[in-house]
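Student: Dropping the sequence and predicted coords here.
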Amino acid sequence: MKALLTISICALTWGLPAVARAESPEEARKPAWLSVVQTTTYDGKSDDLVTAGFGAAALSAAAPAVPFADGLHPTAAELRRAAIATRLDPGEGFGRLFGPDIDQATGKRFDDDGRIAGTEYLALADDGSGHQNVAMLLQVPASFDPDTNRCILVVAITGSSGLYKNVVDLGFWGLRRSCAVVYTDKGLGNGFHDLDSDTVSLISGERETAAKADGLSHFTADLAAARRQAFALAFPHRLAFKHAHSRQNPEATWGRDVVRAAQFAFYQLNQEFGAGRAVPPLTRANTTVIASGISNGGGATLYGAEADTGDWIDGFVAAEPQVQVRSDDRVSATRAGRTIKGTGKPLVDYFSFAILYQPCAAVATPDAPLRSALTFAENRCQSLKDKGLLTGATLEAQAHEALGKLRDYGWEPESDILHASHYVIAPDATAAKYASDHGRFGVEDRLCGFSFAPVDQDGRPMAPPPDLLATIFATAPGGAPAGAIDIVNDLDPSGPRRNAVSASPSSRRQDYNLDGALCLRELAVGTSDDARRVQAGVREFLTSADTHGKPLIIVHGRADARVPVGFSSRPYVALNSLVEGPDSKVRYVELANVQHFGTTIPGYDSRFVNIVPYQLQALDLMYAALTEGTPLPPSQVVHAVPRGGEPGHAPALSAGDIPPISMDPAPEARIAVAAGAIEIPE
């Protein structure tokens, strides 16, 4: 009932003299860790907060090309526009059923084509060392009015991406409600250090030498000059990037970063709207605050709920959250007669297991999306057989055995068709990134013989293309692969080579470097010194699933092969029922025919529905609960309807394909959660 509370506070304080409000509340005081770097205002026409001035119609037609006056020295403004200018797919409903240009209440288009005027504040959170430099971005729409509507949306950015990743698919929801929206990159983001040239990305996107960047570097590798030069001589053309090589294990502070983003928003809004105005400051008591994110942004949202002991945030909405739950044998999840006990597995565990078997399992699904891209899948089967990890006598038997191992480990049957494409889209690079991150390894450690570099057509490390480095802020996902940049197997018998075309040292066979994958697996579950470092890092961020009684909605696709529901959302919700009991305000919506990636590659388009409309629905429900006192929906399964048709030519998604989250779901659709057990209906 935050709206009623706001009215009450305003009524009590409106007529008080200035002296009565002389002492600023905590929300109006600048945190010691905060540095506001720049402020920019957009007119909503030539440029804007959501579409970079292109308009939603242009973004729905293609990814607009952003002209750079100097392609080797683009400006921060040019890089920002390029980062925003990603294509929205009308087939998935963007620009037709939802999006910045669609009025969700009426279904009609806004006259402004999704352009929203307002001001952006770019900021850093740091301990004074210049090494943390967690990037934050506050967007305040011109329509924000503290007299009538005090609300803030906190967005934890997806993956390792930059600050503009979720503006068009999530941030617009808050801006359209005239809420301020604040984003945090959670200590990740597009921070790249080219070790050859000793240049780094600034927090605003431009490239600069590490020496000149000083405290505005997004990330500078922790290497003294002599060690950097020696490493670059021994391993030329290598890149360090923040998520893998910061030595900070940032996942351990994701929750803190989400809370700090809210604190930054309160401070900055009070700076802009407090001076000279006869209205009370924005405080936790009179402002509605919701935190949301998707994938590891969703995980950060859940960590934020746990970290928010100061009540800075009122409600939380997490989509397909990459969350890692502390062990508790009392937890169980049941679906279709199959019960899995325990609280799932850490990401480095299930990722390192996946990359062992996914290439071979793909042989068992010949019609899977991107199956044809796995040229050496059969070789991986043979190498697994040679090492005693598969027992099948034939290729077909080995492939089905590999697929069975993935199911037995915890993947849902609906994920079978996705293993091939998941290995193509996000293979060993992701597992190596997280292992290095959790173990606090540096770029020079080359964990498991892996490094990262631009590669030529033969997969050999080459000098970074100058235009790639210049624009990496706008184009990279915060790691490899990104353009020519990819993960390199430094232990290939023929010399360092791109991992996807490299050979294992033990077999001298092009099998996607099974030796490297086995090394990563040992880091997750083994007993070596390096494994103990990685596993110690994981223990730093295992969540207790304690939301402190705050309302929280999780939406997650059942077919998710990237962050399987059995390793994340299901055990999280079940553990929460032990921690908070029947008074818990956590709700879980499992979505049939929904997977992880927002992609419409052939085969995805015809089989799966994007999760974004359900995240937006959940935000609507959370906002209504906080401002109008409406109840939260019960936990439930919702069956989205696949678009069908020919892969690559699926018909456009219709409103009927997205059945809403129900306030009164049928008994057979309700998810039961109690005393550590979660039961999922079909």
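Tutor: That came in fine, so what should we check first?

Student: wait, doesn't residue 584 sit right on residue 546?
Tutor: No. Using CB atoms under 8 Å, residue 584 is not in contact with residue 546, being 9.9 Å away. Where C-beta positions appear, they are placed from N, C-alpha and C, glycine not excepted.

Student: which residues are common contacts for these two?
Tutor: residue 576 (CB atoms under 8 Å, 6 or more residues apart in numbering).

Student: who has more neighbours, the two?
Tutor: residue 584 (21 against 15; other CB atoms under 10 Å).

Student: helix/strand/coil for residue 538?
Tutor: helix (DSSP: H, G, I helix; E, B strand; the rest coil).

Student: Apologies, that question was intended for residue 152.
Tutor: Put simply, residue 152 is strand when judged by three-state DSSP.

Student: Give me the spatial nearest neighbour of residue 625, chain neighbours excluded.
Tutor: What sits nearest to residue 625 in space, not counting adjacent residues and going by CB to CB, 6 or more residues apart in numbering, is residue 632, at 5.4 Å.

Student: from the chain's centre, how far out does whichever strand or helix holds residue 575 sit?
Tutor: Per DSSP states H and E: residue 575 is located in helix 569-580. Offset of helix 569-580 from its chain centre (CA atoms, centre = their mean, to the nearest Å): 22 Å.

Student: next SSE after it?
Tutor: strand 586-592.

Student: Which other helices and strands does that next one contact?
Tutor: On a contact count with 3 or more CB pairs under 8 Å, 6 or more residues apart in numbering; DSSP states H and E, strand 586-592 meets strand 552-557, helix 569-580, helix 612-628, strand 636-639.

Student: now those in CSV, with distance to residue 77 and mean neighbour count?
Tutor: Converted to CSV, those look like this (distance: least, CB to CB, whole Å; neighbours: other CB atoms under 10 Å):
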stretch, distance to residue 77, mean neighbour count
strand 552-557, 35, 28
helix 569-580, 39, 25
helix 612-628, 27, 21
strand 636-639, 41, 20
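
Student: what's the closest of those to residue 458?
Tutor: strand 552-557 (37.7 Å; CB to CB).

Student: so what strands line up beside the closest one?
Tutor: Sheet partners assigned to strand 552-557 using DSSP bridges are listed as strand 315-319 (parallel), strand 586-592 (parallel).

Student: Show me how far the next helix-or-strand element following the last one is from its chain's centre.
Tutor: Stepping forward along the backbone from strand 586-592, the first helix or strand reached (DSSP H and E) is helix 604-607. Distance of helix 604-607 from its chain centroid, counting by CA atoms, centre = their mean, is 22 Å.

Student: Can you list the helices and strands that helix 604-607 packs against?
Tutor: Contacting helix 604-607 under the criterion 3+ CB pairs under 8 Å, 6+ apart is no other helix or strand.

Student: any idea of the mean pLDDT in that helix?
Tutor: Mean per-residue pLDDT for helix 604-607: 96.

Student: How is the protein divided into domains?
Tutor: 332-346+542-680, 347-538 (automatic domain parsing).

Student: could you dump these to a markdown table with distance to residue 161?
Tutor: What follows is the domains of the chain, written out as a markdown table (distance: least, CB to CB, whole Å):
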| stretch | distance to residue 161 |
| --- | --- |
| domain 332-346+542-680 | 12 |
| domain 347-538 | 5 |
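
Student: of all those domains, which lies closest to residue 102?
Tutor: So among the domains of the chain, domain 332-346+542-680 is nearest, using CB to CB, at 10.2 Å.

Student: and the closest one, how far apart are its ends?
Tutor: End-to-end distance of domain 332-346+542-680: 11 Å, with CA to CA, to the nearest Å as the criterion.

Student: Also stretch 623-641?
Tutor: 26 Å.

Student: same question for the helix holding residue 575, mean pLDDT?
Tutor: 98.

Student: Over to stretch 193-210?
Tutor: What stretch 193-210 shows for mean pLDDT is 96.

Student: Same question for stretch 472-479.
Tutor: 90.

Student: what do you get for stretch 626-643?
Tutor: 97.

Student: now do stretch 497-507
Tutor: Here the average pLDDT along stretch 497-507 is 97.

Student: burial of residue 457, as a residue count?
Tutor: Residue 457 is flanked by 8 other residues according to other CB under 10 Å.

Student: With residue 447 instead?
Tutor: Around residue 447 there are 23 residues (other CB under 10 Å).

Student: Equivalent analysis for the one 5 residues further on, please.
Tutor: The criterion is other CB under 10 Å. On that basis, residue 452 has 29 neighbouring residues.

Student: Also residue 367?
Tutor: 9.

Student: Now do the contacts for it.
Tutor: Counted by CB under 8 Å, 6+ apart, residue 367 has contacts 417, 603.

Student: Distance of it relative to residue 416?
Tutor: For residue 367, the distance to residue 416 equals 11 Å [CB to CB, to the nearest Å].

Student: what's the overlap in contacts for those two?
Tutor: By CB under 8 Å, 6+ apart, no residue touches both residue 367 and residue 416.

Student: For residue 248, find the nearest of the domains of the chain.
Tutor: Nearest of these (CB to CB): domain 347-538, 7.0 Å.

Student: End to end on that closest one, go ahead and measure it.
Tutor: 9 Å.

Student: what do you get for stretch 141-153?
Tutor: 12 Å.

Student: contact partners of that stretch?
Tutor: 6, 44, 49, 116-119, 171, 173-175, 177-182, 262, 265-266, 269, 273, 277, 279, 282, 286-292, 619, 623.

Student: Swap in 7 Å and give it another go.
Tutor: Defining contact as CB atoms under 7 Å, 6 or more residues apart in numbering, one finds that stretch 141-153 is touched by 6, 44, 49, 116-118, 173-175, 177-182, 262, 265, 273, 279, 282, 286-290, 292.

Student: What of stretch 501-510?
Tutor: Taking CB under 7 Å, 6+ apart as the rule, stretch 501-510 contacts 376, 379, 383, 386, 459, 489, 491-494, 511, 513-515.

Student: farthest-separated two in these?
Tutor: Largest separation among these by CB to CB: 386 and 459, giving 23.4 Å.

Student: Pick out whichever of the two has more residues nearby.
Tutor: The residue with more neighbours, out of residue 386 and residue 459, is residue 459; 19 against 14, by other CB under 10 Å.

Student: Surely the more buried one and residue 497 touch.
Tutor: Yes. With contact defined as CB atoms under 7 Å, residue 459 and residue 497 form a contacting pair (4.4 Å).

Student: Can you name the residues that contact the spatially closest residue to residue 357 that is not a sequence neighbour?
Tutor: Excluding the flanking residues, the one nearest residue 357 by CB to CB, 6+ apart is residue 402, at 4.2 Å. Residues in contact with residue 402, defined by CB under 7 Å, 6+ apart, are 357, 360, 361, 381, 384, 390.

Student: how about 10 Å then?
Tutor: 356-364, 377, 380-381, 384, 389-390, 392, 419 (CB atoms under 10 Å, 6 or more residues apart in numbering).

Student: cool, residue 223 as well?
Tutor: Counted by CB under 10 Å, 6+ apart, residue 223 has contacts 193, 195, 198, 210, 229-232, 240, 245, 442-444.

Student: Tell me the one among the residues you listed nearest to residue 134.
Tutor: So of the contacts of residue 223, ranked by how close each gets to residue 134 (CB to CB), first place is residue 245, at 15.9 Å.

Student: In terms of helices and strands, where is residue 356?
Tutor: Per DSSP H and E: residue 356 is located in helix 347-361.
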